[in-house]
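Q: The sequence and its predicted three-dimensional model are supplied below.
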Amino acid sequence: MKVLVINSGSSSLKYQLYDMTDESVLAKGLVERIGMDSSILTHKAAGKEEVVEVSEILEHNTAIRKVIDKLTDKTHGVLESVEEINAVGHRVVHGGEFFNESALVDKEAKKNIRALIDLAPLHNPAAIMGIEASEINMPGVPQVVVFDTAFHQTMPERSYLYAIPRVLYNKYKVRRYGFHGTSHYYVSLAAAEFLGKPIEDLKIITAHIGNGGSLTAIQGGVSVDTSMGMTPLEGLMMGTRSGDLDPAIVPYVMNKEELSVGEMNSMLNKHSGLLAISGVSSDMRDITDGWEKGEANATLAFEMYEYRLRKYIGSYAAAMNGVDVLVFTAGVGENSAIVRKAVCENLSYLGIEIDEELNKIRSGDPRRISTPNSKVDVLVVPTNEELVIARDTYRIVESNQD
Ligand code: AMP
């Protein structure tokens, strides 16, 4: 079975075509600047040269058509015809309480994804555009939706409720949902596999730290708490997002600065975090460069980032009454030996001890960076959300054909 995985953003569309017989990636690419005058399509088939094409792509429908053109192109393609695509898997950010697992796309699923636009105004409309564009360009091909929130639907009430009047949950579903679920699920499973231990016996903390970042406490293979909340703003300090702050700051600053709701949202989501404190960049590479050069603002940004991350790890060890495995993943987690070292050095009270040489090794495979003496296995596990989407799509489509 060949599965096309699609991740639609409001102005971008990423794709990967999998051959599920061996889970190999046949081709992948990205359409950027959809809706703008010079859209860019970057396409790469396995074993062939990358192609970059600039054209006008005004909406997702055209973007998918161009992607199919590339996948079936005589020179750059990997398919004879579009009919070879057996199923399409879509990443959807918000599944709310409707979805605790991936689902086949039907009228009901689309209605529910639309009903959640209020909670994910930037993301869910883009997912709907990707689904409908696929329906038009690949009619009759089964489609599956895979949610960032689904893995966290196992959180107990004590983790997901906010201590505010219950009526807000009843009326508006104001609660914590958590995000990056596909990644937390994938790396926790890969970690248990790497260690050769049943996941049911493990207390795992997964740190998905990239541009956005979240931490999850996984006990017995299920998410019991996660740091992002109703939206992906809560929790850790991130590239451009504030993470946790006193909610009273919001009305206070809005009042003082005469800001609209949109302006306040934009400040906390796009102009805060590492970018705000360092004053120069949201990219951890620039922050650690500045820190190594002794630049004051970059140093403070680095220290705040590490301190907040460490506090969350400590709180999740408390939440689970212990921790067996700590997993680092995503852009910062997979690549920044400096961040991993700083965090782990300050977690010695948990019995964490990392091997500095192992920590410096770069590899695309799961690896251990803790010493044999460490009471906690500290691992780096490259995440692969697309593979989870492809696997879920395959499983659901297969089981519906029986
Ligand atoms: P992601 O959102 O998972 O794609 O992660 C992207 C982020 O990873 C970038 O914004 C960088 O901050 C970070 N990153 C990527 N490579 C490195 C690196 N070698 N060292 C530190 N941070 C990195």
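A: Ah, there it is.

Q: Report all helices and strands that the helix ranked longest in the chain contacts.
A: Ranked by residue count, the top helix of the chain under DSSP state H comes out as helix 296-319. Applying 3 or more C-beta pairs under 8 Å, 6 or more residues apart in numbering; DSSP states H and E, one finds that helix 296-319 contacts strand 203-209, strand 213-219, strand 222-226, helix 273-278, helix 284-292, helix 337-345. (C-beta placed from N, C-alpha, C; glycine too.)

Q: what comes up buried for stretch 311-318?
A: 312, 313, 314, 316, 317 (16 or more other C-beta atoms under 10 Å).

Q: Show me what from the protein comes close to the ligand.
A: 210, 211, 239, 283, 284, 285, 330, 331, 332, 335, 336 (C-beta under 6 Å from any ligand atom).

Q: Could you identify the buried members of those?
A: Among the residues of the chain next to the ligand, the ones that count as buried by 16+ other C-beta under 10 Å are 210, 211, 239, 283, 284, 330, 331, 332, 335, 336.

Q: May I have the residues that are in contact with residue 17?
A: Taking C-beta atoms under 8 Å, 6 or more residues apart in numbering, we find residue 17 in contact with 2, 3, 4, 5, 25, 26, 27, 28, 71, 78, 79, 85.

Q: Name whatever forms a beta bridge with it.
A: residue 4, residue 27 (DSSP bridges).

Q: circling back: with mean pLDDT added, can I get the helices and strands packed on helix 296-319 in CSV?
A: CSV is the format used below for the helices and strands packed on helix 296-319 (pLDDT from 0 to 100):
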stretch, mean pLDDT
strand 203-209, 98
strand 213-219, 98
strand 222-226, 98
helix 273-278, 98
helix 284-292, 96
helix 337-345, 98
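
Q: Would you mind listing where the stretch 301-402 of the chain has pLDDT under the threshold?
A: Low-confidence segments of the stretch 301-402 of the chain (pLDDT under 70): 402.

Q: Going by proximity to the ligand, name the top residue of it.
A: In the stretch 301-402 of the chain, the residue that lies nearest the ligand is residue 331 (2.0 Å; C-beta to the nearest ligand atom).

Q: so what does the helix or strand hosting that residue touch, helix or strand wise?
A: Using DSSP states H and E, the element containing residue 331 is helix 330-335. Identification of packing neighbours for helix 330-335 by 3+ C-beta pairs under 8 Å, 6+ apart yields strand 203-209, helix 337-345.

Q: Output the contacting helices and strands for the very next helix or strand once past the last one.
A: Meaning helix 337-345. Per DSSP H and E, the first helix or strand lying C-terminal to helix 337-345 is helix 356-360. Helix 356-360 sits against helix 337-345, with contacts defined as 3+ C-beta pairs under 8 Å, 6+ apart.

Q: circling back to that earlier point, any idea how far the longest helix of the chain is from the chain center?
A: Offset of helix 296-319 from its chain centre (C-alpha atoms, centre = their mean, to the nearest Å): 20 Å.

Q: and the gap between the spatially closest residue to residue 284 that is not a sequence neighbour and residue 14?
A: Sequence neighbours aside, residue 332 is the residue nearest to residue 284 in space, at 4.8 Å (criterion: C-beta to C-beta, 6 or more residues apart in numbering). As defined by C-beta to C-beta, to the nearest Å, residue 332 lies at a distance of 20 Å from residue 14.
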